[in-house]
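In: Quick one, structure for this:
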Amino acid sequence: MTGWSAADLLALPVRMNGIQLGRPVDLLLDAQDDRVLGFELACGDGSRRFLPFTVAEIHAGEINVRSALALIDEADLAWYRRHARRLGELGLNEPRVDADGHVFEARSAA
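Out: Numbering: from 1, shown residues only. Next up, the predicted model:
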């Protein structure tokens with residue numbers, strides 16, 4: 001199965017037209033399903049925002065957004081925090097995320 005390691009995703013800067021908007025600090029997951037809703041971001045202005053996974057374009061070296069309007073402000077981020085789970089709550093050792101946002105445990109090739 002293809003995808004990205006969660007650690008790699010959390011290390012990528014979020015940019016729009018080459019301008020860095022922030023960095024992911026956590027992945028927020030659906031409360032019932034092991035599926036990513038979006039990223040909690042620490043932004044350059046000191047605020048926290050939410051970036052929905054469905055509008056994030058993941059490329060080598062960055063997460064791109066087409067519009068800064070895709071970032072949901074801190075007040076509404078609180079709603080996602082209350083109604084979602086954090087990645088760490090899954091207890092996976094090496095979580096990976098596929099292109100549809102499903103989270104799964106990395107399997108050893110051994």
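
In: Next one: residue 30 from residue 19, what distance?
Out: Using Cβ to Cβ, to the nearest Å, residue 30 is found at 30 Å from residue 19. C-beta: built from backbone N, CA, C; applies to glycine.

In: again but with residue 69, I slipped
Out: 14 Å.

In: In the protein, which helix is the longest?
Out: helix 74-83 (DSSP state H).

In: and it, what other elements does it pack with?
Out: strand 36-43, strand 48-52 (3 or more Cβ pairs under 8 Å, 6 or more residues apart in numbering; DSSP states H and E).

In: export these to TSV and tack on mean neighbour count?
Out: TSV is the format used below for the helices and strands packed on helix 74-83 (neighbours: other Cβ atoms under 10 Å):
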stretch	mean neighbour count
strand 36-43	22
strand 48-52	20
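
In: My guess is residue 73 contacts residue 51. True?
Out: No: taking contacts as Cβ atoms under 8 Å, residue 73 lies outside contact range of residue 51: 11.4 Å.

In: got a list of what the residue sitting nearest the centre point of the chain touches?
Out: When Cα atoms, centre = their mean is applied to the chain, the residue found nearest the centroid is residue 39 (3.0 Å). Residues near residue 39 by Cβ atoms under 8 Å, 6 or more residues apart in numbering: 9, 14, 24, 26, 27, 28, 50, 51, 53, 56, 63.

In: gap between whatever helix or strand the first one lives in and the chain center?
Out: Read it as residue 9. Assigned by DSSP states H and E, residue 9 falls within helix 6-11. Chain-centre distance of helix 6-11: 8 Å, with Cα atoms, centre = their mean, to the nearest Å.

In: Extract the CA atoms of it and return them as CSV.
Out: Output of helix 6-11 as CSV, limited to C-alpha atoms (Å, rounded to 0.1, in the frame of the first residue of the first chain):
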residue,chain,number,x,y,z
ALA,A,6,2.8,10.3,9.4
ALA,A,7,6.1,11.5,10.7
ASP,A,8,7.1,12.6,7.2
LEU,A,9,3.8,14.5,6.7
LEU,A,10,4.2,16.3,10.0
ALA,A,11,7.7,17.4,8.9
